[in-house]
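Participant: whatever this is, show me its structure:
(chains A and B)
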Protein chains: 2
Amino acid sequence: MEPRRALKYSRIRRSKFLSELERFLRFPSVSSEPEHAGDVQKCAHWLARHLKDVGLDQVRLVPTRGHPIVYAMSRQKPTRPTVLIYGHYDVLPGNPLREWHTPPFTPTLKGDNLYARGASDDKGQLFAHIKAIESYLKTTGSLPVNVKCIFEGEEEIGSPHLNSFIARNKRALRADTAVISDTRMLAPDRPAISYAQRGGLRAELVVTGPPQDLHSGNFGGAVHNPLQALCEMIARLHDANGRVAIPGFYDSVRQWSEKERAFMARTGPSNEQILRDARVEQSWGEPGFTLYERTTIRPALTLSGIAGGHYAQGSKSIIPARAVAKLSFRLVPNQDPQKIAQLFRHHIERITPPAVRCSVRTFAGIKPALVNRNHPAVRAAVFAYRKGFGATPVFLRSGGSIPVVTSLQEMLGIPVVLMGFGLPDDHIHAPNERLYLPNFYNAIKTSVWYLALAAKLVAAGGIRDRASDRGVREHQ
Amino acid sequence: MEPRRALKYSRIRRSKFLSELERFLRFPSVSSEPEHAGDVQKCAHWLARHLKDVGLDQVRLVPTRGHPIVYAMSRQKPTRPTVLIYGHYDVLPGNPLREWHTPPFTPTLKGDNLYARGASDDKGQLFAHIKAIESYLKTTGSLPVNVKCIFEGEEEIGSPHLNSFIARNKRALRADTAVISDTRMLAPDRPAISYAQRGGLRAELVVTGPPQDLHSGNFGGAVHNPLQALCEMIARLHDANGRVAIPGFYDSVRQWSEKERAFMARTGPSNEQILRDARVEQSWGEPGFTLYERTTIRPALTLSGIAGGHYAQGSKSIIPARAVAKLSFRLVPNQDPQKIAQLFRHHIERITPPAVRCSVRTFAGIKPALVNRNHPAVRAAVFAYRKGFGATPVFLRSGGSIPVVTSLQEMLGIPVVLMGFGLPDDHIHAPNERLYLPNFYNAIKTSVWYLALAAKLVAAGGIRDRASDRGVREHQ
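Facilitator: Got it, this is the predicted structure:
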């Protein structure tokens, strides 16, 4: 099936696609904030309606105990292979609001960039696939492959209800491969396929002392300060070199061959590039590894927030009664999130000063994941990128965690192709998130080609090679 | 002049006094929050009007670049001594609101306690003096001494405009002694006179790294985290024993004689009492000193708040771009706030990790202060307490800082009598602040007696003994 007509359709409908995306971005579908639950719901309804409008066949809003999953599929033809497309329509909060140049939920076009929370992560990326599907259905009336779409509303809060949805619907979700666009390229002319991602584990520490805030004049110097104690404990989570100081933390970290490290050095971003992307002058972290290695094959522990005492404007002379820290681990093969949670708890017990109390909460962990770079479904993506962006993609490891990758690989037994369309300076998870529009349009073209090429590869028998699906986590 | 009629008036007007105090407490006169500036203003107007109503002669609302000073005086008679009464009508914020059992600005009576922000610190205490003045003026028509009142609206934000007011009005404020009720007793039957207070210095640290929040997946492990760096720096402000670790910090701390320490041990609260007041089980701090000593004759450094990263509900996987800490020093003779600010800055420079930047702000410092326990004006307070509370007051050191004490002593050259009516469990600077009403009524009685006794002491020539005023800061 030639994608010629679909490609032409997608080329001449760009301004329509853009204004639809803007509509999509206007929903403050912030999954982490209860006051936005209604907005998440509205966004899901809009998305479901939109999937019907583009011509998908079965569209369902699947309720969960949290935010709904939007599910859709094309009319299935048994002779054709099936591609599962995953994306998430939820976004992070738009704070700190004062650092946004334009309101986070008022999409604003400046030059070639569209600014809005979710523009790159992940509404813009998932929308590219929807527009590719539309381009087929509105022209040839059918798709070269069977398509099943899962658009989640809880990715940014750790996908608490996705696994049970997949487990309950294993038969219905049966597919030959999955594609996810929630990662990044190196530059607009350097597409990338992520073949590895770090796992994750979130944790929260609550340190408590006196039952209520004390006047620091009356008690300062005689009663321990939970906030100070928390800082002192946090200072003991890393050593002076930037290595995580939790005993046993590195024990099961996989050592990579010189060959793989050389491959990474050749394909991955340089130290200078990473510092430029972060817009900092000086690096930090574990000695003996490049910055690319530190953010992909080495684990990390990040302090993402602290709240304690009086932090608003003005001052308040208190010893605060409690202090809270939010932490997030990035894990690598073969670290096990549960084991790491245990080591962390033991370490915290050991370093809690006697004059305060500390409670530890850890949340659902995500295992690190790997995809075989030589799988036919991955090769189809390589060809599609060449068509869409005019360049051969590099193979990258990702430092972040997309929980669904592990879930899809383990529960459905299919390879997951991480075909990213984001850019390093899209400011995802930060103020002024944006989408580079040429990437958006090339992403649509790439998706059109991917659907066509996936069908061809299957015809050659390649995609059914289940042997190469299994054991992807053992790869290298 | 016998205070009999004034005492009787004050006894039978208790319910009127209480409802007036409730009116006063209803103003959310929060000096630190710009959105409450109007409430501070309204509170000042109400107070000025009230002072006129009780019969004071010259009442003025003195504007400043911040919140106004309410000034009032009685008709001055040259043959009589003059007592300056200082208090503050501003309060701390009523947060965290969820920890208050009743709204902070809805005064609520439960048993013998009146709950409201400012009930004890300082509206309730200053109001006792106003009611004593009223009790004279509404009965005998005049006061046994000349009275001048300064009621400030910026005490809780460090009195930024008070010193210039005093400097500009030295002649008008001329007095023989000052009395301030903004400290505490040990228990309802154990009145106390504070003869020493610690000084103070506030500071703010701002640590910055990347120009904006970074995704912790993409950069975690390769870019330093300003919030983590801040914690690590804070961990280096105290040693493992709880001593402040800033080089030179203790160099000018005065060593007290065994005699003075024995006096303190006899008169001051025990370790057990201080822990009970703080409602904690375990003490903390500098070895070799009792808790009373640690909070009065030893300096302290308190971390009063941190803000950094995402600390609201939910999670956000970021490396925050910046982190802020608010700190407050408590200083003792002969530490100089400016010198301490300098030592602090140098230490921070030394311990700032190279991959982040740190800026330090220090705010106006307050020198520690001492009052001669044998001054006639202090003796008058001893007698007044005996009459008002039926008990001889103990002499206490205070751990907090009342900036005006140093200002009045140094700029007007008069002794300052700290006649406290608060209780240790009044929850000042904390949720559920309260005033124990029997203390309020006894405070009015004590003030009535104080004004009478101050007049008598002057008749004996005692209060004019300027030689004993000078050098109070060299005492002991």
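Participant: in the stretch 251-400 of chain A, what residue lies closest to chain B?
Facilitator: Nearest residue of the stretch 251-400 of chain A to chain B, counting by Cβ to the nearest Cβ: residue A:400, 2.5 Å away. In this view, the C-beta of every residue, glycine as well, is placed from N, C-alpha and C.
Participant: quick one, phi psi at the most centrally placed residue in chain A?
Facilitator: Closest to where the C-alpha atoms of chain A average out (Cα atoms, centre = their mean) is residue A:402, at 4.3 Å. Torsion angles at residue A:402 (phi, psi; degrees, to the nearest 10) stand at phi -110, psi 100.
Participant: before we move on, back to that, the residue of the stretch 251-400 of chain A closest to chain B: neighbouring residues, count only.
Facilitator: 25 (other Cβ atoms under 10 Å in any protein chain shown).
Participant: and the pLDDT for it?
Facilitator: Predicted confidence (pLDDT) for residue A:400: 87.
Participant: OK, contacts around it?
Facilitator: If a contact means Cβ atoms under 8 Å, 6 or more residues apart in numbering or on different chains, then residue A:400 has A:183, A:197, A:198, A:200, A:330, B:215, B:217, B:218, B:317 as its contacts.
Participant: so how far is residue A:340 from the second one?
Facilitator: To tie it back to what came earlier, the one meant is residue A:197. Counting by Cβ to Cβ, to the nearest Å, the gap from residue A:197 to residue A:340 is 16 Å.
Participant: and these two? Which one has more around it.
Facilitator: Per other Cβ under 10 Å, whichever of residue A:197 and residue A:340 has more neighbours is residue A:197, with 30 against 25.
Participant: show me what the more buried one is bridged to.
Facilitator: residue A:369, residue A:398 (DSSP bridges).
Participant: so what pLDDT did it get?
Facilitator: 90.
Participant: enumerate every residue touching it.
Facilitator: Counting by Cβ under 8 Å, 6+ apart, residue A:197 touches A:183, A:368, A:369, A:397, A:398, A:399, A:400, A:401, A:402, A:405, A:418.
Participant: of those, which pair is most distant in space?
Facilitator: A:183 and A:368 (14.5 Å; Cβ to Cβ).
Participant: what's the weakest-modelled helix or strand in chain A?
Facilitator: helix A:466-469 (a mean of 36; mean pLDDT, DSSP states H and E).
Participant: could you find the closest non-adjacent residue to residue A:352?
Facilitator: residue A:358 (4.3 Å; Cβ to Cβ, 6 or more residues apart in numbering or on different chains).
Participant: residue A:262 falls within a helix, correct?
Facilitator: Yes. Assessed with DSSP: H, G, I helix; E, B strand; the rest coil, residue A:262 lies in a helix.
Participant: how many neighbours does it have?
Facilitator: Residue A:262: 11 neighbours (other Cβ under 10 Å).
Participant: residue A:179 now?
Facilitator: Residue A:179 has 25 nearby residues by other Cβ under 10 Å.
Participant: a helix runs through it, doesn't it?
Facilitator: No. Counting by three-state DSSP, residue A:179 is not found in a helix; it is strand.
Participant: got a list of what the residue nearest to it when sequence neighbours are not counted touches?
Facilitator: Excluding the flanking residues, the one nearest residue A:179 by Cβ to Cβ, 6+ apart is residue A:417, at 4.7 Å. Neighbour list for residue A:417: A:177, A:178, A:179, A:180, A:193, A:371, A:377, A:378, A:380, A:381 [criterion: Cβ under 8 Å, 6+ apart].
Participant: report the two of these separated the most.
Facilitator: Going by Cβ to Cβ, the pair spanning these furthest: A:180 and A:380, at 14.3 Å.
Participant: isn't residue A:50 right up against residue A:17?
Facilitator: No. Counting by Cβ atoms under 8 Å, residue A:50 does not reach residue A:17; the two are 11.5 Å apart.
Participant: can you pull the contacts of the residue nearest to residue A:274 when sequence neighbours are not counted?
Facilitator: Closest residue in space to residue A:274, ignoring its immediate chain neighbours: residue A:291 at 4.3 Å, by Cβ to Cβ, 6+ apart. Listed by Cβ under 8 Å, 6+ apart, the contact set of residue A:291 reads A:269, A:271, A:274, A:275, A:283, A:285, B:222.
Participant: quick check, pLDDT for residue A:291.
Facilitator: Looking at residue A:291, its pLDDT reads 98.
Participant: tell me how far it lies from residue A:268.
Facilitator: With distances taken as Cβ to Cβ, residue A:291 is found 9 Å from residue A:268.
Participant: ditto for residue A:247
Facilitator: 30 Å.
Participant: just give me the longest helix of chain A.
Facilitator: Assignment by DSSP state H gives helix A:437-459 as the longest helix of chain A.
Participant: remind me what it packs against, helices and strands.
Facilitator: If you count contacts as 3 or more Cβ pairs under 8 Å, 6 or more residues apart in numbering or on different chains; DSSP states H and E, helix A:437-459 packs onto helix A:4-12, helix A:14-25, strand A:82-88, strand A:113-115, helix A:123-137, helix A:376-389.
Participant: distance to chain B added to those, as a markdown table?
Facilitator: Below are these laid out as a markdown table (distance: least, Cβ to the nearest Cβ, whole Å):
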| stretch | distance to chain B |
| --- | --- |
| helix A:4-12 | 29 |
| helix A:14-25 | 19 |
| strand A:82-88 | 14 |
| strand A:113-115 | 13 |
| helix A:123-137 | 15 |
| helix A:376-389 | 21 |
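Participant: now render those as CSV, adding mean neighbour count.
Facilitator: Shown next, in CSV, are the helices and strands packed on helix A:437-459 (neighbours: other Cβ atoms under 10 Å in any protein chain shown):
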stretch, mean neighbour count
helix A:4-12, 17
helix A:14-25, 17
strand A:82-88, 25
strand A:113-115, 22
helix A:123-137, 26
helix A:376-389, 22
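Participant: I'd like these as CSV, with mean pLDDT appended.
Facilitator: What follows is the helices and strands packed on helix A:437-459, written out as CSV (pLDDT from 0 to 100):
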stretch, mean pLDDT
helix A:4-12, 97
helix A:14-25, 98
strand A:82-88, 97
strand A:113-115, 98
helix A:123-137, 98
helix A:376-389, 95
